[in-house]
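In: the following comprises the amino acid sequence and a computationally predicted model.
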Amino acid sequence: QVQLSESGGGLVQAGDSLRLSCVASGSTFSNYAMGWFRQAPGKEREFVARNNRSGNAKYYADSVKGRFTISRDNAKNTVYLQMNSLKPEDTAVYYCAAGETARGRSYEYAYWGQGTQVTVSS
């Protein structure tokens, strides 16, 4: 079992930056690929970014490529999402997720955090 807890969301203006953090507990963090997803009101949950167990392979949705950076610190059991040049369309609840062999699909992740709200005003 893995428990995930996100933090770092908030209300910012377009062009600002935020860094989300997700702390894991309950199991060996380095055994899991980690992903970030988001869900805007009235929309389906969508993939944002993911990295592999070691963190040396990273993948991004086209909509955030070049603006967002995923990273992880296995010593701190934490995965981060650095979000730069934020746009109003980035407004959503952001979730971190863990899966042993997960890739870009939400069903591949067995464990989810409770989410953190990011709101970007224009």
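Out: Received it, and whenever you're ready, just let me know what you need.

In: and the residue nearest the centre of this protein?
Out: W36 (2.5 Å; CA atoms, centre = their mean).

In: for A61, give its distance to T28.
Out: Using CB to CB, to the nearest Å, we find A61 at a distance of 28 Å from T28. C-beta here means a position set from N, CA and C on the backbone, and glycine is covered the same way.

In: neighbour count winner among the two?
Out: Set side by side, A61 and T28 give different neighbour counts by other CB atoms under 10 Å, the larger being at A61 (16 against 11).

In: I'd assumed A49 was in contact with that one.
Out: Yes. Under the criterion of CB atoms under 8 Å, A61 makes contact with A49 at 7.0 Å.

In: ok, now how distant is V64 from R50?
Out: Applying CB to CB, the value for V64 to R50 is 12 Å.

In: more neighbours, these two?
Out: R50 (25 against 22).

In: okay, and the beta partners of the more buried one?
Out: G35, Y59 (DSSP bridges).

In: how far away is it from D62?
Out: 14 Å.

In: low pLDDT regions in the chain?
Out: Along the chain, no part satisfies pLDDT under 70.

In: one more pass at 90, please.
Out: In the predicted model of the chain, residues 1, 27, 101-104 satisfy pLDDT under 90.
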